[in-house]
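Participant: quick one, what's the 3D model for this:
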Amino acid sequence: MSALLLTCVLLLNSWIDTCYTSGWRSWKPCTDLRPLDILSEGVPSSGAQHGIRMVQVQGARGFLFSTSVRPPSFPSSQLFINCGLFPEEFSIVVTLKVTSIPPKKNEYIFSLIEDKSDNVLVGLRYSMNKLHFLFWSKDVFNGWQSRVTFRGIALADNRWHTLIMAVSGQSFSLTIDCSISLDLVVSVPFPASLNTYGSRFYIGSRKRLKGAFTGLLRQLVLLPGSDATLRICPSSNPKLAVLSIPTVLQELPVKTESNEVLVTHPYEAVMKVNLGVHPPCTKAESAQFWFDASRRDLYLCDGLQWISVLEAKKRLDYVEEYQNLVTTSETMGLETFVIPKVGLFMATANRKTQPGSAIYKWTDGRFEPYQYITTYQAQAWRYFTIGKRIFLAVANFERNENRQELSVIYKWNSMKQKFFIYQRIATHSARDWEAFQIAGETFLVVANHRQGDNHNINSIIYKWNSRTALFEINQTIPTSGAYDWEFFTIGPYSFLVVANTFNGTSTKIHSHIYIWLSGMFRLFQSILTFGAADWEVFQIGDRIFLAVANSHSYDPETLLLNSYAINSTIYELNITAQMFVKFQDVLTFSAVDWEFFSVGEDSFLVVANSFDGVSFAVNSVVYRWQGYEGFVAVHHLPTFGCRDWEAFNTTTGSYLIYSSAKEPISKVLKLKTY
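Facilitator: Below is the predicted model of the structure:
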């Protein structure tokens, strides 16, 4: 006999001699043998671990283990410090709550697995009406899996239960909620010397995902050499009788006036709620909550980002100037976007070629220059992704130094953390790009404004070719001084609407809405517009709207000459008529852009008024949705040659930014709420 085995046998004999007189029923409690808290060993003291949540229900807390990640485990030597043998006589105490379990399915409460063979040395599992205790008997046929089954055990009733199973030789006893015990005597006794060397405890599983425990586990304790029933029963709350539970599960915060614990609560609460400043959100924080005390908002981490689950009802109070962003030249368009794991960015479409347009990064609460890109009187940027590829497309209005009219698609290089030229596309005084997906296919459409003096030219839809990894011409659409494209979907239908500005003689022309049918866009509806410069689609509740920014009226036939004070119009989709109908006219001054945004439960539109016929110093206006009254002006914002509005959010608040086509300054405004 090895020295280790001899030592263990002597220890076991000492346990028995010290703790008990003869016969299980007459054994006295062993006061010098501590409970071995398996659950505390397997779960960190804070309870925070990927794949583990803490749930409070019916006045008690328990652990919920993910069935899609590796189960918590630890080496048995962590529990059996002085001896590698499993106790010959012991009790197992379990407190659990099981909602339901399908017929013929078994779930493991815990198991002790031998690493080299994956044999279950000791295990406890349950099925719909049975509780099974498994152990490895090396003396039977050179090794055999033995099972003791307690029948008629209904645990899946969505209530807490405390189970005490006592084992001594061939005798097995089960007590549920301190009631009358169920005793079994079996032919194969529990082994007197079960060696645990090289084994691990697995909580809520038998090492694999199949058969993982789906309920809540509050207590899992091994008590060597003693019947734990004598320690914890009777109990004032037998369903939650306690021998030893992890510290993090011990708090029961809701009590009655008589200080008795309430055990029926209709809510559940997660394991950990972070407070204070913006915490990280990674896989380690998955399923945890963060309460932003300053904003009174509650967020849930999905492993990548914090998702708002409960927001205080904010109301827009006023708008204040936050940052004067000095740009390389006058700015025709803005595009804000977020690159995952990198940050918030903004691209400005600048008029001058050198140093060109700029990409800014949100750093310490401000936009800071990040990268300069040579452009040719850039009009707009469009950010889009294809799988893991990240792109930016710029619409160049002027020719390059080689007299070529080219707009450019740039691709993000994750190693160098910069955008680099990916594909050049021939365009004609391009004003805008729009990117969209239909049935998993990616498209780009360019707004070609004019070719020489001819405004009646084709704009082009390009389709991503996954084989060549390039955009190729897919469809041409006749346009007249095209200024903007807007893509949107309604149910299963996809739409494109173009803002036609000028046909060579008049700005009083039709802009067109197209619908995707049989693999191409077909005309759906034509709307009379006046120098249309932008479309904005948005939804409020179940209502879908489409707003056009009319820039000016010029029509020699009707003597509408250079009228910049002109109505822009908001249209609403009429489901019955299957068309957009006029909802509201809004007086604007050479409007060139609409931007829709929300603050709390309120919806807003801000218009870019650029010129009143005399001055570029014109107020842009924020309109608030007021239901039956439509959109009502609530804020007048001083702007100069305003060209584009963008709304964006950060962890510190909500913002608007506008670009000026008449001075090299863009302004960031912060929305103040109450």
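Participant: for the most centrally placed residue in the chain, give me its contacts.
Facilitator: Nearest to the mean C-alpha position of the chain, by C-alpha atoms, centre = their mean, lies Asp302 at 4.5 Å. Contact partners of Asp302, counting by C-beta atoms under 8 Å, 6 or more residues apart in numbering, are 281, 286. Just so you know, the C-beta spots here come from the backbone N, C-alpha and C atoms, and that holds for glycine as well.
Participant: give me that answer again for 6 Å
Facilitator: Contacts for Asp302 were tallied using C-beta atoms under 6 Å, 6 or more residues apart in numbering; there are none.
Participant: look at it and report its pLDDT.
Facilitator: Asp302 is assigned a pLDDT of 80 by the prediction.
Participant: again with the one 10 residues further on
Facilitator: Reading off the confidence values, Ala312 has pLDDT 65.
Participant: shift numbering so it begins at 493
Facilitator: OK, 493 is where the count begins now, so the last one is Ala804.
Participant: neighbours around Pro1156, how many?
Facilitator: The number of residues packed around Pro1156, counting by other C-beta atoms under 10 Å, is 17.
Participant: any idea how far it is from Arg923?
Facilitator: 21 Å (C-beta to C-beta, to the nearest Å).
Participant: for Ser1107, same thing?
Facilitator: Taken as C-beta to C-beta, the span from Ser1107 to Arg923 is 24 Å.
Participant: look at these two and report which has more neighbours.
Facilitator: Taking other C-beta under 10 Å, Ser1107 and Arg923 do not tie; Arg923 has more neighbours (26 against 10).
Participant: that one and Thr971 touch, don't they?
Facilitator: No: counting by C-beta atoms under 6 Å, Arg923 stays clear of Thr971, with 10.0 Å between them.
Participant: overlap in contacts of these two?
Facilitator: With C-beta under 6 Å, 6+ apart, Arg923 and Thr971 have no common neighbours.
Participant: pretty sure Ser532 is in a strand, no?
Facilitator: No: checked against DSSP: H, G, I helix; E, B strand; the rest coil, Ser532 lies outside a strand; its state is helix.
Participant: now for it: which residues touch it?
Facilitator: Pro738.
Participant: now do the strands in the stretch 643-792 of the chain.
Facilitator: 652-660, 663-668, 674-677, 686-687, 691-695, 708-716, 765-767, 781-784, 789-793 (DSSP state E, counting those that start in this stretch).
Participant: pLDDT of the first one, averaged?
Facilitator: Looking back up the chat, that one is strand 652-660. So the average pLDDT for strand 652-660 ends up being 95.
Participant: what residue ranges in the protein are flagged as low confidence?
Facilitator: 493-525, 537-542, 631-634, 743-770, 776, 785-788, 803-804, 1050-1054 (pLDDT under 70).
Participant: which stretches in it count as helices?
Facilitator: In the chain, the helices defined using DSSP state H lie at 495-511, 530-534, 721-724.
Participant: chain neighbours aside, what residue packs nearest to Arg1116?
Facilitator: Val1126 (4.6 Å; C-beta to C-beta, 6 or more residues apart in numbering).
Participant: state the distance from that neighbour to His920.
Facilitator: 40 Å.
Participant: confirm for me that Ala1153 is in contact with Arg1135.
Facilitator: Yes: assessed by C-beta under 6 Å, Ala1153 is found in contact with Arg1135 at 4.0 Å.
Participant: who has more neighbours, these two?
Facilitator: Counted by other C-beta under 10 Å, Ala1153 and Arg1135 do not tie: Arg1135 has more neighbours, with 24 against 20.
Participant: for Lys1074, see how far away that one is.
Facilitator: 26 Å.
Participant: tell me how many other residues surround Leu556.
Facilitator: Around Leu556 there are 22 residues (other C-beta under 10 Å).
Participant: identify the bridge partners of it.
Facilitator: When bridges are taken as DSSP bridges, the partners of Leu556 come out as Arg545, Leu708.
Participant: can you give me every residue that contacts it?
Facilitator: So Leu556 contacts 545, 547, 708 (C-beta under 6 Å, 6+ apart).
Participant: would you reformat the residues you listed as a markdown table and include distance to Lys880?
Facilitator: Converted to a markdown table, the contacts of Leu556 look like this (distance: C-beta to C-beta, whole Å):
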| residue | distance to Lys880 |
| --- | --- |
| Arg545 | 30 |
| Val547 | 35 |
| Leu708 | 38 |
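Participant: closest to Glu822 among these?
Facilitator: Arg545 (53.2 Å; C-beta to C-beta).
Participant: Gln780 is in contact with that closest one, correct?
Facilitator: No: taking C-beta under 6 Å as the definition, Arg545 is not a contact partner of Gln780, at 8.3 Å.
Participant: quick one: the closest residue to Leu884 other than its chain neighbours from Gln742, how far?
Facilitator: Leaving aside its chain neighbours, Leu884 sits nearest to Tyr902 (4.6 Å; criterion: C-beta to C-beta, 6+ apart). According to C-beta to C-beta, Tyr902 stands 57 Å off from Gln742.
Participant: compare those two (neighbour count), which wins?
Facilitator: Per other C-beta under 10 Å, whichever of Tyr902 and Gln742 has more neighbours is Tyr902, with 21 against 11.
Participant: give me every residue that touches the more buried one.
Facilitator: If you count contacts by C-beta under 6 Å, 6+ apart, then Tyr902 has 884, 911, 913-914 around it.
Participant: now, of the residues you listed, which are buried?
Facilitator: 884, 911, 914 (16 or more other C-beta atoms under 10 Å).
Participant: now, which of those lie within strands?
Facilitator: Mapping these onto strands (DSSP state E) picks out 884, 911, 914.
Participant: look up how far Val990 lies from the residue nearest to Phe928 when sequence neighbours are not counted.
Facilitator: In this structure, Phe928 finds its nearest non-sequential neighbour in Phe979, 3.9 Å apart by C-beta to C-beta, 6+ apart. Relative to Val990, Phe979 is positioned 11 Å away (C-beta to C-beta).
Participant: higher neighbour count, the two?
Facilitator: Neighbours of Phe979 and Val990, each counted by other C-beta under 10 Å, are more numerous for Val990; the result is 27 against 19.
Participant: pairing partners for the more buried one in the sheet, please.
Facilitator: Trp977, His1004.
Participant: same deal with Gly835?
Facilitator: Ile831.
Participant: got it, and Val586?
Facilitator: Beta-bridge partners, per DSSP bridges, of Val586: Leu655, Leu712.
Participant: unless I'm mixing things up, it is touching Ile656, no?
Facilitator: No: the criterion here is C-beta under 6 Å, and Val586 misses it with Ile656 at 8.1 Å.
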